[in-house]
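J.: One predicted model, sequence on top.
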Amino acid sequence: MTIVLRRTNSVDPHFQLLVADLDKDLWARYPAIQQNFTPFNKIDESARVVIAYAEDLPVGCGCFRAMDGKETLEIKRMYVKPESRGMGIAKLILSELEEWGKDEGFIQANLETGNNQPEALAVYSGAQYKQIPNYPPYIHIAESICMAKKLR
């Protein structure tokens, strides 16, 4: 199966559909605390979005936004549909986001994931992300795991 990646923005309707699926997945994994994350998951139009397509169907997404001007970006809203997992799609999306970030001059990528997302932790660890102290707004959230990687 051929995977095609496309750079777009947060108003892309395929991104909106995938993010709705992601939110359902997160509510199932973290039913007691997911409402606390809703304010942190808003993505504005400045976000750079990558969508993965298989057979012309959107199967995964991710995006990034600047954290501190032009030095650090934050990877957000990474998701691959369950039926498309295990094919390396998340790794492709993550790599494309990192390349895009480097093209724009960012030197570090940060991200936050959760302790009930072993698939995400495996992808990020495999891509050389290392756990760091939780950064705001995740500092006091026990389920949050923050990670970082130098891009240059």
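T.: On my side now, so go ahead. Numbering: from 1, shown residues only.
J.: going forward, measure contacts and count neighbours with C-alpha atoms only.
T.: OK.
J.: where does Leu111 land on pLDDT?
T.: Looking at Leu111, its pLDDT stands at 98.
J.: Could you identify the helix or strand that succeeds the strand or helix carrying it?
T.: Assigned by DSSP states H and E, Leu111 belongs to strand 108-114. Toward the C-terminal end, the helix or strand that comes next after strand 108-114 (DSSP H and E) is helix 118-126.
J.: before we move on, the earlier item: so the strand holding Leu111 versus helix 118-126, what angle?
T.: Angle between the axes of strand 108-114 and helix 118-126 is 160 degrees (criterion: axes from the mean of the first three to the mean of the last three C-alpha atoms, to 10 degrees).
J.: give me every residue that touches Ala54.
T.: Residues counted as contacts of Ala54 (C-alpha atoms under 8 Å, 6 or more residues apart in numbering) are Met1, Thr2, Ile3, Val4.
J.: beta partners of it?
T.: Note on Ala54: beta-bridge partners by DSSP bridges are Ile3, Leu57.
J.: Check what pLDDT it gets.
T.: 97.
J.: Quick one: the strands in the protein, in order.
T.: Taking DSSP state E as the criterion, the chain carries its strands at 3-9, 48-54, 57-66, 72-80, 108-114, 130-132, 144-150.
J.: how about the shortest one: buried residues?
T.: Same thing as strand 130-132. Gln131 (16 or more other C-alpha atoms under 10 Å).
J.: try stretch 4-12
T.: Val4, Leu5, Arg7, Asn9, Ser10.
J.: One more: stretch 113-122?
T.: Burial within stretch 113-122, assessed by neighbour count using 16+ other C-alpha under 10 Å, is assigned to Thr113, Gly114, Ala120, Leu121.
J.: for stretch 126-136, same thing?
T.: Tyr129, Gln131, Asn134.
J.: Identify the bridge partners of the second one.
T.: Residues in a beta bridge with Gln131, per DSSP bridges, are Met147.
J.: Make CSV out of the buried residues of stretch 4-12 and add pLDDT and distance to Glu71.
T.: Formatted as CSV, these follow (pLDDT from 0 to 100; distance: C-alpha to C-alpha, whole Å):
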residue, pLDDT, distance to Glu71
Val4, 98, 28
Leu5, 98, 25
Arg7, 98, 21
Asn9, 96, 20
Ser10, 95, 21
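J.: Just put these in a markdown table and tack on distance to Asp25.
T.: Output for these, formatted as a markdown table (distance: C-alpha to C-alpha, whole Å):
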| residue | distance to Asp25 |
| --- | --- |
| Val4 | 24 |
| Leu5 | 22 |
| Arg7 | 23 |
| Asn9 | 22 |
| Ser10 | 19 |
